[in-house]
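sequence unavailable; structure follows:
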């Protein structure tokens, strides 16, 4: 009954709604560089299980110094006029200025996305002058990053001819790298006269920008996936993965693009056709990357993810076996100890900076060493993110997902039995090996409250801010991985209900305290169901963690039989769940999960907290009843109705067992109260679901109607 409209936020596996920008690359390599606001992505999902669709992580925009502090005024048409200038240098400077402006100013971005201006940008991807080509592609990269809707326009409007131009530029760049001839002529695309050549570094820069644009287009539409997979350029990209490896930025961007492109859930991707086009079998293609210990763990983790994406059902077990050591090593990386180490190191660096007896050259050298260590630390954290995502996807393969469309007409017991049977059938050798590895306990250790106050350390040292944000992402992905493992693997083989429940509940309490203490939250006495506003936006990560962990607790209860649960453990947790289900409501997802948990806990006749449980599951109905028209989240209310079935179901087998007439009277009284509430609520509910019938999926409508 709880198998529709589940949403779990906090994984980077879907890009439909928001993007997570990293720090911005500099282009050319001149300071300063700027940063965009960070966004927290979220993933629509069912039962907390991540459905791998599209990545939200996107290439970093290219930002440069304004080459000249001229009369470049945002909103003027002058800069767009100069894009078509006959003077090569003027065109280049105009594109470089525009690449900055679209990142820094919304009005400039709006002007740049007008048809006539966007057409100019696209046309210069194949400009006769190589440096203009680089600047034009860099500008397009920023535009497609800052305005995701532009990707769809670029794909759909034939006049832009975006793919022909991009493929021609990439093919020429790859040829230049291979032959060492730079990117002088544009080959067969018919632009005529001889071009000036580019240095190998400039060719790599051009390719990096082009591949980043393709990355953005693939995220926006499967049409792009289809066109790229059928192009002659696509197999050539795999040549960049062979030694001698290209520059770090080009290698990283290529791997990130391929990680998105080879997404297993893409209906536009013909995996068999892709495998035929590859210059080598997948294992041979990635053997050098995976074996080269001189490459950082982030690069190798991306390679492992792509290799898994290209694996078939028959080869999946052996592929996972080959990358398991790398995945485990990345997940086990001790980020907490790293923060403690850099806290002491940065304190020491500050002392050095203020010591006038130390020569400037020695200070500069020490700054360089610390900077390199910080960079390596960040790469290791991001490798952890990637491997947790990979583990989530391994536990979310199509053969382990429950078919929500086929459960019509099944009662609760039949559905629960079907889910258990489905899980047993799919608990294959691969999933059993994951359970036996003990990796769940290692991941649980990452999400438990830490003795080191990482937030305080990151607040004290500005240079650790990005590392802290990456660590928050690690925790979110760790919880999604745990959720997927609980859904896909037998609970007993993972360590048993009691052990997992007690650990996850500690995480739940810790995240709740952090959210409530984040400042400017609504009063706890408030009766409003509107999610509370948070001034500290960085706490959104804790909210997303709460949504995932409460969903995992719900999964645990659904998948575990009563005789395997500790009643005392559940009783000790009930107050905490009641608190989360009461105002102030943090989010609809958390509210829904907690109501569902209370519905299962409340199955025990006259639970010690039955009055509080009754109130929690009835409150959404009573509140909407007082409004005379349903205004709340329909799926929260729907889950409340489902929980009422559990809490108030005193069937023929239970009631005769209660001998005390006073207790029997209490049950009759609560049932009469329920009948009164439902009788008043039913007309409003019927009208509400009729209004949304055409706006939601058929299965979702049936779910609402049945409740």
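Yep, it's here. All of these numbers come straight from a predicted model, not from anything done at the bench.

and stretch 596-608, average pLDDT?
The pLDDT scores in stretch 596-608 average 82.

for that stretch, measure first residue to last.
18 Å (C-alpha to C-alpha, to the nearest Å).

and that stretch, what's buried?
596-602, 604, 606-607 (16 or more other C-beta atoms under 10 Å). (Each C-beta comes from the backbone N, C-alpha and C, glycine too.)

and the two most separated of the residues you listed?
596 and 606 (20.5 Å; C-beta to C-beta).

so of the buried residues of stretch 596-608, which ones are in helices?
Members of the buried residues of stretch 596-608 lying in helices (criterion: DSSP state H): 596-601.

specify which member of those is nearest to residue 297.
Nearest to residue 297 among those is residue 597, at 37.2 Å by C-beta to C-beta.

what's the helix or strand for residue 613?
helix 610-627 (DSSP states H and E).

which strands and helices sit next to that helix?
Contact here means 3 or more C-beta pairs under 8 Å, 6 or more residues apart in numbering; DSSP states H and E; on that basis helix 610-627 packs against helix 567-580, helix 588-601, helix 634-647, helix 661-691.

again, only using 7 Å
Applying 3 or more C-beta pairs under 7 Å, 6 or more residues apart in numbering; DSSP states H and E, we find helix 610-627 packed against helix 588-601, helix 634-647, helix 661-691.

next helix or strand past the last one?
Scanning the chain past helix 661-691 towards its C-terminal end, the next helix or strand to appear is helix 698-706 (assignment: DSSP H and E).

please identify the buried residues of that following helix?
Residues 700-701, 703-704 are the ones in helix 698-706 that count as buried (16+ other C-beta under 10 Å).

that one versus helix 661-691: what angle between them?
140 degrees (axes from the mean of the first three to the mean of the last three C-alpha atoms, to 10 degrees).

so which elements touch helix 698-706?
helix 634-647, helix 661-691.

in TSV, list those helices along with distance to residue 262, mean neighbour count and mean pLDDT.
Compiled in TSV, the helices and strands packed on helix 698-706 are given as follows (distance: least, C-beta to C-beta, whole Å; neighbours: other C-beta atoms under 10 Å; pLDDT from 0 to 100):
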stretch	distance to residue 262	mean neighbour count	mean pLDDT
helix 634-647	33	23	84
helix 661-691	40	13	84
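
CSV for those helices, including distance to residue 498?
Shown next, in CSV, are the helices and strands packed on helix 698-706 (distance: least, C-beta to C-beta, whole Å):
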stretch, distance to residue 498
helix 634-647, 21
helix 661-691, 29
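
quick one: closest of the ones you listed to residue 459.
Minimum separation from residue 459 across those (C-beta to C-beta) falls at helix 634-647, 34.9 Å.

can you list contacts of the closest one?
With C-beta atoms under 7 Å, 6 or more residues apart in numbering as the test, helix 634-647 has contacts from 1-2, 5, 588, 591-592, 595-596, 598-600, 602-603, 613-614, 617, 620-621, 624, 630, 674, 688-689, 692, 703-704, 707.

check the offset of it from the chain's centre.
How far helix 634-647 lies from its chain's middle: 28 Å, per C-alpha atoms, centre = their mean, to the nearest Å.

what do you get for stretch 281-289?
Here the centre of stretch 281-289 is set off from its chain's centre by 27 Å, with C-alpha atoms, centre = their mean.

closest to residue 460 among the buried residues of helix 698-706?
Nearest to residue 460 among the buried residues of helix 698-706: residue 700, at 47.1 Å, using C-beta to C-beta.

which pLDDT value goes with that closest one?
For residue 700, the model assigns a pLDDT of 83.

any idea how far it lies from residue 692?
According to C-beta to C-beta, to the nearest Å, residue 700 and residue 692 sit 9 Å apart.

now residue 283
Using C-beta to C-beta, residue 283 is found at 49 Å from residue 692.

how about residue 603?
Plainly put, residue 603 is 30 Å away from residue 692 if you go by C-beta to C-beta.

next: residue 450.
From residue 450 to residue 692 the distance is 43 Å (C-beta to C-beta).

what does residue 343 give?
Residue 343 is 51 Å from residue 692, where distance means C-beta to C-beta.

more neighbours: which of the two?
residue 343 (19 against 13; other C-beta atoms under 10 Å).

residues contacting that one?
residue 457.

figure out the helix or strand that it lives in.
Take DSSP H and E as the rule and residue 343 turns out to sit in helix 335-353.

how about that helix: buried residues?
335-336, 338-340, 342-343, 345-346, 349.

same question for stretch 555-572.
For stretch 555-572, the neighbour count (16+ other C-beta under 10 Å) marks 555-560, 565, 570 as buried.

quick one: the helices in the stretch 351-500 of the chain, in order.
Counting by DSSP state H, counting those that start in this stretch, one finds helices in the stretch 351-500 of the chain at the ranges 360-394, 412-426, 429-436, 439-447, 454-460, 465-488, 497-516.

next one: the fifth one to chain centre, how far?
Between the centre of helix 454-460 and the centre of its host chain there is 24 Å, according to C-alpha atoms, centre = their mean.

elements contacting that helix?
Applying 3+ C-beta pairs under 7 Å, 6+ apart, we find helix 454-460 packed against helix 335-353, helix 465-488.

list the contacts for residue 221?
Taking C-beta under 7 Å, 6+ apart, we find residue 221 in contact with 151-152, 155.

buried only: go through these for me.
In the contacts of residue 221, burial by neighbour count holds for 151, 155, counting by 16+ other C-beta under 10 Å.

need the contacts of residue 221 in JSON lines with secondary structure, can you?
Shown next, in JSON lines, are these (DSSP: H, G, I helix; E, B strand; the rest coil):
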{"residue": "151", "secondary structure": "helix"}
{"residue": "152", "secondary structure": "helix"}
{"residue": "155", "secondary structure": "helix"}
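
nearest to residue 290 among the contacts of residue 221?
Set against residue 290, the nearest of those by C-beta to C-beta is residue 151 (31.4 Å).

would you confirm that the closest one contacts residue 144?
Yes. Under the criterion of C-beta atoms under 7 Å, residue 151 makes contact with residue 144 at 5.3 Å.

spit out the residues that contact the two alike.
Listed as contacting both residue 151 and residue 144 by C-beta under 7 Å, 6+ apart are residue 216.

so what's the nearest residue to residue 311 once chain neighbours are set aside up against?
Ranked by C-beta to C-beta, 6 or more residues apart in numbering and with sequence neighbours excluded, the top spatial neighbour of residue 311 is residue 319, at 4.2 Å. Shown in contact with residue 319 (C-beta under 7 Å, 6+ apart): 307-308, 311.
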